[in-house]
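[1] Give the three-dimensional model of this entry:
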Amino acid sequence: VSLRDVWLAAASRGATPYFHYDDVTITYGDAHQQVTAVAAWLVERGVKKGDRVAVGMRNYPEWAMAHWAIQCIGAVTVSLNAWWIADELKYAFTDSGATAAIVDGERLDRLSDELISELGVHSVLVVRGTTRPGTFAWADVANNSAAVLPDVEIKTDDDATILYTSGTTGFPKGAAGSHRNYVTNIWNGLFAVALAGKMAGITPAPNDAPKPQAIAFTTFPYFHIAGLCGMTSHTNNGGAIVSQFKWDPADAMRLIEKYKVASFGGVPTVVRSMLEHPDRDKYDLSSLTA
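    You can find the predicted model right below:
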């Protein structure tokens, strides 16, 4: 089993909501069309199985779609810390050997034409930003509804990602993760829920019983293992994901109320800023269960 298999199973949900961002909903079907188009574009641009493709942007829905497109062709997602400056980005590209990139406008501003040329990056796809000569707009590429997902054989132990450590005491180190790592993480999460239910004496609902869609609010950055594994698990489980341009507790509570968010995750500072917000009682947060 590979992450390509995980995505194709998730994509079969069609009209089910996948992402709620900026009060716009993207369905699994919409996302799959864009994933397919970007995957086909990467192959047309010469990206092959095992090649490294850098992804650097805020928690936009396109982060997830870029990641799934890369996984669907057997390439490797190189996760760029969105706080890195030009020299740090240069280090990651050089260290990983990434030859293509999918970045937002803010990241593109930190990558000069000279640096892109020096790094040997042959293809740059720009999300939610202004393109420059030699770069390509996500909207133009992802709207290709005639694209077909390329065939590729992906083995369970093939590399799927390179995520960078914080580099607290030296240069960041690229930690490789395999398809097996991510699929195991998904199954461990499902097992933990099943075990907790069993220990609590909860009788599972029949398999054919209708189940409400789980809505999750994500605040961990997708370039971090916590954010990426959370996004991957929510996708596998058919959930809908809510994210923001930047953490805003009042707007987060509005979104929780609007989309009836069931689960919410964040570091203690983020959670506390919501719990202690003076307007907390103005919002209905009763949908939150975890």
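
[2] now residue 254: how far from residue 121?
    Using C-beta to C-beta, to the nearest Å, one gets 39 Å for the distance from residue 254 to residue 121. The C-beta positions use only the backbone N, C-alpha and C, and glycine is treated the same way.

[3] So between the two, which is more surrounded?
    Between residue 254 and residue 121, counting by other C-beta atoms under 10 Å, residue 121 is the more crowded of the two (19 against 15).

[4] In a strand, that one, correct?
    No - Residue 121 is assigned coil when assessed by DSSP: H, G, I helix; E, B strand; the rest coil, not a strand.

[5] any idea how far it lies from residue 276?
    44 Å.

[6] Please apply the same query to residue 61.
    Distance, residue 61 to residue 276, by C-beta to C-beta: 29 Å.

[7] Quick check on these two: which one has the bigger neighbour count.
    For residue 61 versus residue 276, neighbours defined as other C-beta under 10 Å are more numerous around residue 61 (21 against 9).

[8] And for the more buried one, nearest residue in space, chain neighbours not counted?
    Excluding its sequence neighbours, the residue lying closest to residue 61 (C-beta to C-beta, 6 or more residues apart in numbering) is residue 19, at 4.0 Å.

[9] how about the one you found, phi and psi?
    Note on residue 19: its backbone torsions stand at phi -130, psi 140 [degrees, to the nearest 10].

[10] residues touching it, list them.
    By C-beta atoms under 8 Å, 6 or more residues apart in numbering, the contact list for residue 19 reads 25, 26, 31, 61, 64, 240, 241, 242, 243.

[11] Helices of the stretch 1-150 of the chain, start to end?
    Taking DSSP state H, counting those that start in this stretch as the test, the helices found in the stretch 1-150 of the chain are 3-11, 28-44, 61-72, 86-96, 105-109, 113-119, 138-142.

[12] where in the stretch 1-150 of the chain is pLDDT low?
    In the prediction, the stretch 1-150 of the chain carries no residues with pLDDT under 70.

[13] Please identify the buried residues of stretch 221-233?
    Residues 221, 222, 223, 224, 225, 227, 228, 229, 230, 231, 232, 233 are the ones in stretch 221-233 that count as buried (16 or more other C-beta atoms under 10 Å).

[14] Show me what counts as buried in stretch 123-142.
    Taking 16+ other C-beta under 10 Å as the criterion, stretch 123-142 shows 123, 124, 125, 126, 127, 128, 129, 131, 135, 138, 141, 142 as buried.
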